[in-house]
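> Generate coordinates for the sequence data below:
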Amino acid sequence: MTPPPGARRSDRRRRTAAALIATGTTVLAATMAGLVPQASASSHREAPLIAGLPQLDNTDVYAFTSPDNPDTVTMIANWIPFEEPNGGPNFYPWAEGAHYDLNIDSNGDGRPDITYRWEFHNVDHRDGKTFLYNNGVVNNLNDSTLLFKQNYTLTEIKGNGERTLISDGVSAPSDVGPTSMPDYGRLRAQAIHGLPGGGKTYAGQADDPFFLDLRVFDLLYGAPKLNEVGQDTLRGYNVNTIAVQVPKKDLALRNDPAGNPVIGVWSSTEQRSLTLESGGGAKLTGKYVQVSRLGNPLVNEVVSAAGQKDAFNASSPVQDHTNNAFLDRVTNPEVPQDVQLLYGIKAPPTPRNDLVEIFATGVYKNSAGPIKADLNSQLLNKGVNSKAFVPAEELRLNMSTPVTHDPNRLGALGGDLQGFPNGRRLADDVVDIEVQTLEGAFNQGLPPHIVQALAKGDGVDHNDRGFSDQFPYVALPHDQAVNTAGSGDEGDHHGDKGDKGDKGDKGDHHGDDPFRDHHDGDKHRDGGFLGLGNLLGFGSPTAVGGLFGMVMIGSGSSLLRRRGSDKVSGD
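Alright, predicted model coming up:
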């Protein structure tokens, strides 16, 4: 008997990535890495297995209240790191047959209550007669000159049931260049599809919205001088983007966003094995296996040890509270130990219960951690069964937090409660936020204490392109080579055409002193730091500093382990 969809999904995610290897045959995950250029080491290619499977590699997840439609939430997930714009002739297709999933946990049990699943299939009109992606100018998605296309099915999975939201959606193609695709914004607009009951979705290429200096891996930015900063490693590169905008009531527990406003979000990728056959053939075989998972930014990149990363990618959040290796690396972080060794800055005491709140339970007053604020834990939902709640690594969003009209790139650390770690907006500087947090900004509660020696940050305070103020918000893809002088802005055909820019970037970059006292993140809004004033009962702090950028976490206590019964029930 065929199991129900919910049971199939749960079973699939418990299988390890090792199932991708079949005895006696040459087996790869459903994408051949040779079709996509391989980049050098980066935070995107975070685990040994997934580094060789770029089509399946989640790079970032974002979740925020839609600024222009505040009754909805927008979730964005990106795949395929380091897409060089001139990467033809195959460019960057989605993996056929893969499951590209966005998961929502509304009751805090670490299991997806809703999964939105995109499955792509090729529409290839080249018929063995040409290697070209297109044989003329492409002005519309249905132009006959666009020889290679991808359509998709979007399915919503709830419990044991599923329904098709879109049966034949069209993905925007890779941007071949300004001669072939003179108006990519037009193609993007045509690739936005409405959803039944409200909402919309987009699948296609975009500028990579993550911004950071990846020279962190060169002994943490050139210690002890801290002089290898200020270069946006991802400038000029693209990604494949899935974005979906959904009414809040559709995401909230029991469809009640007022009483149950907090959700947990993560993306994942599943694929069957690809068996290569003689003569150049290949076929997908076996069962679906989860090979990538991403919630909070930078966690699997540098939290998990190298030998643990593939297993983390194959796991589900419900398993985190029993994953002792992962738990121990949350409560005794490695970054402060490295900083102490390289820069002489003393590491905060452990166990780090503040990090448990930020990464695993969400922030709420009655936790065992020091951050006494009701911000973004599912335990704040009135309908949650607290006995079924488990610590789980998810990107948590409180949908009731009002949209910030003057966004601060430091998010909650800079007084802007709508920013990371309360969800994640495109302009949130998560590298600076996370490492300052790891250095102990919240380990004594509120207000935070900033490590001023690291206040310069990684020197990359905003994206190389402004974001749009309309769905899907991500900037248009680059269409000039990364190694072009001034790549990202000067030589790019699209530039910021049609992108009005994210207000969170305005005025944020102050050269060598991005955290000086008049920085917008230091404005005392609505009663003090974090905008909580009377609620939390503390005054305004001094200027909020940044950090130098990375997340590595070591070993520690068992606070994350599930309290009470190990039995997990629904809401």
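
> strands paired with whichever strand or helix holds T241, and their directions?
Taking DSSP states H and E as the criterion, T241 maps to strand 238-247. Neighbouring strands of strand 238-247 in its sheet, by DSSP bridges, are strand 72-83 (antiparallel), strand 200-207 (antiparallel).

> Output those as JSON lines; include the columns mean neighbour count.
C-beta coordinates here come from the backbone N, C-alpha and C atoms, glycine included. Shown next, in JSON lines, are those (neighbours: other Cβ atoms under 10 Å):
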{"stretch": "strand 72-83", "mean neighbour count": "26"}
{"stretch": "strand 200-207", "mean neighbour count": "25"}
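
> Save the ones you listed as JSON lines, and put in distance to T404 and mean pLDDT too.
Shown next, in JSON lines, are the strands paired with strand 238-247 (distance: least, Cβ to Cβ, whole Å; pLDDT from 0 to 100):
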{"stretch": "strand 72-83", "distance to T404": "15", "mean pLDDT": "97"}
{"stretch": "strand 200-207", "distance to T404": "23", "mean pLDDT": "98"}
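
> could you dump these to CSV with distance to L274?
Compiled in CSV, those are given as follows (distance: least, Cβ to Cβ, whole Å):
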stretch, distance to L274
strand 72-83, 17
strand 200-207, 22
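
> Tell me which of the ones you listed lies nearest to D458.
strand 72-83 (18.1 Å; Cβ to Cβ).

> ok now that closest one, how far from the chain's centre?
7 Å (Cα atoms, centre = their mean, to the nearest Å).

> What pairs with the helix or strand just after that strand, parallel or antiparallel?
As assigned by DSSP H and E, the chain's next helix or strand after strand 72-83 is strand 99-105. Paired strands of strand 99-105, with direction, are strand 114-124 (antiparallel), strand 262-276 (antiparallel) (DSSP bridges).

> In terms of mean pLDDT, which of those ranks lowest?
Of all the strands paired with strand 99-105, mean pLDDT reaches its minimum on strand 262-276 (a mean of 95).

> Give me the distance between it and the centre of its chain.
13 Å.

> What residues of that strand count as buried?
262-275 (16 or more other Cβ atoms under 10 Å).

> can you check stretch 440-448 too?
440-443, 446-448.

> can you give me the end-to-end distance of that stretch?
Separation of the first and last residues of stretch 440-448 by Cα to Cα, to the nearest Å is 8 Å.

> Distance to N78 added to the strands paired with strand 99-105, as JSON lines?
Output for the strands paired with strand 99-105, formatted as JSON lines (distance: least, Cβ to Cβ, whole Å):
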{"stretch": "strand 114-124", "distance to N78": "13"}
{"stretch": "strand 262-276", "distance to N78": "9"}
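
> what's the closest of those to I80?
strand 262-276 (10.8 Å).

> Which stretches in the stretch 151-300 of the chain count as helices?
184-190, 219-222, 248-251, 299-302 (DSSP state H, counting those that start in this stretch).

> ok, now the stretch 351-500 of the chain?
Under DSSP H, counting those that start in this stretch, the stretch 351-500 of the chain gives helices at 353-356, 430-438.

> Could you identify the helix or strand that succeeds the lowest-mean-pLDDT helix or strand in the chain?
Least confident element among the helices and strands of the chain, by mean pLDDT, DSSP states H and E: strand 27-29 (a mean of 35). As assigned by DSSP H and E, the chain's next helix or strand after strand 27-29 is helix 48-51.

> Show me which parts of that following helix are buried, residue by residue.
49-51.

> Take those residues and lay them out in TSV including distance to N324 and pLDDT.
Converted to TSV, the buried residues of helix 48-51 look like this (distance: Cβ to Cβ, whole Å; pLDDT from 0 to 100):
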residue	distance to N324	pLDDT
L49	22	73
I50	23	72
A51	25	80
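
> so the residue nearest the centre of the chain, which of the three states?
The residue lying closest to the centre of the chain (Cα atoms, centre = their mean) is V61, at 1.9 Å. Of the three states, V61 takes strand according to DSSP: H, G, I helix; E, B strand; the rest coil.

> Kindly provide the distance from it to I242.
Distance, V61 to I242, by Cβ to Cβ, to the nearest Å: 10 Å.

> and for these two, which residues touch both?
76-78, 102 (Cβ atoms under 8 Å, 6 or more residues apart in numbering).

> Between which two of those residues is the distance greatest?
N78 and L102 (11.5 Å).

> Could you pull out the residues contacting both of those two?
The contact lists of N78 and L102 share 61, 242, where a contact means Cβ under 8 Å, 6+ apart.

> remind me which residues of the protein are low pLDDT?
Where the chain drops to pLDDT under 70, the residues are 1-48, 302, 305, 485-571.

> at 50 instead, please
1-8, 10-43, 485, 487-489, 496-571 (pLDDT under 50).

> So the residue nearest to the centre of the chain sits against S292, correct?
No - counting by Cβ atoms under 8 Å, V61 sits too far from S292 to count as a contact (11.1 Å).

> can you list residues touching both of these two?
By Cβ under 8 Å, 6+ apart, the residues touching both V61 and S292 are S267.

> For the closest residue to Q470 other than its chain neighbours, grab the count of nearby residues.
Distances taken as Cβ to Cβ, 6 or more residues apart in numbering place D68 nearest to Q470, at 6.2 Å, with adjacent residues excluded. Neighbours of D68 under the rule other Cβ atoms under 10 Å: 13.

> And the strands in the stretch 351-500 of the chain, which stretches?
With strands called from DSSP state E, counting those that start in this stretch, the stretch 351-500 of the chain shows them at 395-398.

> still on that earlier bit, enumerate every residue touching the residue nearest to the centre of the chain.
75-78, 102, 265-267, 294-295, 297, 395, 424.

> and the gap between it and G259?
Taking Cβ to Cβ, one finds V61 at 25 Å from G259.

> try G204
Distance from G204 to G259, by Cβ to Cβ: 36 Å.

> residues near R117, how many?
22.

> Who are the contact partners of it?
With Cβ under 8 Å, 6+ apart, R117 has these contacts: 99-101, 154-157.

> And I192, how far from P391?
Distance from I192 to P391, by Cβ to Cβ: 37 Å.

> who's more crowded, those two?
P391 (24 against 19).

> my guess is the more buried one meets T322, correct?
No - using Cβ under 8 Å as the test, P391 is too far from T322 to be in contact (10.0 Å).

> distance of the nearest residue to D429 once chain neighbours are set aside from V430?
Excluding the flanking residues, the one nearest D429 by Cβ to Cβ, 6+ apart is R409, at 4.2 Å. Distance, R409 to V430, by Cβ to Cβ: 9 Å.
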